[in-house]
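Enquirer: Sequence unavailable; structure follows:
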């Protein structure tokens, strides 16, 4: 892992790496905990614990979209062909490489039908592949949004986000359509993409220290509110396009950004010393390496979850204790996918398909 880190460390922004590393951990958390939640009686202790972890993990995907927006928007793209070639190749070359193994695994061990319809289902619709196709759509429209931001700046983005948040609130309340005015397809996940750039560039009137404290409180409070809403079954299994994960993601993103900004204000502050220690320590190298490997980890971590499911069903051993098994399975999934992608990234030719 250290070789990967060393070659890219000089040009990286650490709080982006930290956000990305936590995002992939959250994604693995939700995919692990949802399996347990589905197998437990609603409102039981085990179901409540698993569902609460899933509500925390749901912030991972929005953070991925927000980081991409922060890094890609308001830039000058003279060569659109080059932009699309770079972004889509980095997205799809690893995807199609790993989807071959996913297809083989699902056909042989998960009893998927070996038909054209079955293959189409795996590649386009089933499970976590939706993120890849959504990201493709965002990349295709990104230059248009980029031109809009360069023309209208913060005020234009605030107009865009105001409409997006309106669609999010209406979607949360479930009151579409309103007199045939349909806004639900206005932005969807593109809103998170633009939101990331906005939070990264908006100058707020409060201090970085106050922002750090407020964003932490917002994230914790709305994570608890989300968990409670899931307990009351007020939210569906997938609820990225409702207001609660939006506020969760804003709190989490601003927590890391304001912490980084506050650390830069004074080299002698506790926050600055802590950030410096983490960044330059082995922990920082691990965070950066996980960040670099995060996309490949996204594409491969499910192999561990699938193997656990198969083992559980074949041996009739019911993993009934999520307090013990969720952390264990999650740790194995992280180490397996991180190690696999880290090794591939050091091998010629495989580096291009690893996702790093």
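Expert: Perfect, thanks for sending it. Since we're looking at a predicted model, the values are computed, not measured.
Enquirer: just checking, next helix/strand downstream of the helix of greatest length in the chain?
Expert: Taking DSSP state H as the criterion, the chain has its longest helix at helix 130-173. Toward the C-terminal end, the helix or strand that comes next after helix 130-173 (DSSP states H and E) is helix 190-201.
Enquirer: okay, the angle between that next one and helix 130-173?
Expert: 90 degrees (axes from the mean of the first three to the mean of the last three C-alpha atoms, to 10 degrees).
Enquirer: who does the helix or strand following helix 190-201 touch, helix- and strand-wise?
Expert: Moving toward the C-terminus from helix 190-201, the next helix or strand (DSSP H and E) is helix 208-231. When contacts are defined as 3 or more C-beta pairs under 8 Å, 6 or more residues apart in numbering; DSSP states H and E, helix 208-231 packs onto helix 45-57, helix 243-265. In this view, the C-beta of every residue, glycine as well, is placed from N, C-alpha and C.
Enquirer: Surely residue 241 forms part of a helix?
Expert: No. Applying DSSP: H, G, I helix; E, B strand; the rest coil, one finds residue 241 to be coil, outside a helix.
Enquirer: Tell me how many other residues crowd the residue lying closest to it once chain neighbours are set aside.
Expert: Among residues not flanking residue 241 along the chain, residue 171 sits closest, at 5.3 Å (C-beta to C-beta, 6 or more residues apart in numbering). For residue 171, the number of neighbouring residues by other C-beta atoms under 10 Å comes to 17.
Enquirer: ok so, going back, can you tell me which of the helices and strands packed on helix 208-231 comes nearest to residue 12?
Expert: helix 243-265 (12.5 Å; C-beta to C-beta).
Enquirer: To residue 71, which of the helices and strands packed on helix 208-231 lies closest?
Expert: Proximity to residue 71 (C-beta to C-beta) singles out helix 243-265 among the helices and strands packed on helix 208-231, at 12.9 Å.
Enquirer: Just want the angle from the closest one to helix 208-231.
Expert: Per the same axes, to 10 degrees, the angle that helix 243-265 makes with helix 208-231 is 160 degrees.
Enquirer: Tell me how far the residue nearest to residue 241 lies from residue 240.
Expert: According to C-beta to C-beta, to the nearest Å, residue 171 stands 10 Å off from residue 240.
Enquirer: Overlap in contacts, those two.
Expert: Residues touching both residue 171 and residue 240 (C-beta atoms under 8 Å, 6 or more residues apart in numbering): none.
Enquirer: Excluding covalently adjacent residues, which one is nearest to residue 94?
Expert: residue 355 (3.8 Å).
Enquirer: Same question for residue 80.
Expert: residue 143 (5.8 Å).
Enquirer: Now do residue 305 against residue 332, distance only.
Expert: 9 Å.
Enquirer: Is residue 97 part of a helix or strand, or is it coil?
Expert: Applying three-state DSSP: residue 97 is helix.
Enquirer: you'd agree it is up against residue 349?
Expert: No. If you go by C-beta atoms under 8 Å, residue 97 and residue 349 don't touch, sitting 10.4 Å apart.
Enquirer: To which secondary structure element is the most centrally placed residue in the chain assigned?
Expert: With distances taken as C-alpha atoms, centre = their mean, residue 61 lies nearest the centre of the chain, 2.6 Å away. Assigned by DSSP H and E, residue 61 belongs to helix 60-72.
Enquirer: average pLDDT for that helix?
Expert: Averaging pLDDT along helix 60-72 yields 93.
Enquirer: Can you give me the buried ones in the helix or strand hosting residue 117?
Expert: Residue 117 is part of helix 116-120, with elements assigned from DSSP H and E. For helix 116-120, a neighbour-count test (16 or more other C-beta atoms under 10 Å) marks residue 119 as buried.
Enquirer: Run the chain-centre distance for that helix.
Expert: On the basis of C-alpha atoms, centre = their mean, to the nearest Å, helix 116-120 sits 27 Å off its chain's mean C-alpha point.
Enquirer: Low-confidence regions, the stretch 151-300 of the chain specifically.
Expert: Along the stretch 151-300 of the chain, the model assigns pLDDT under 70 to residues 176-186, 236-238, 267-269.
Enquirer: Would you mind listing the residues in contact with residue 231?
Expert: Residue 231 touches 43, 48, 51-52, counting by C-beta under 8 Å, 6+ apart.
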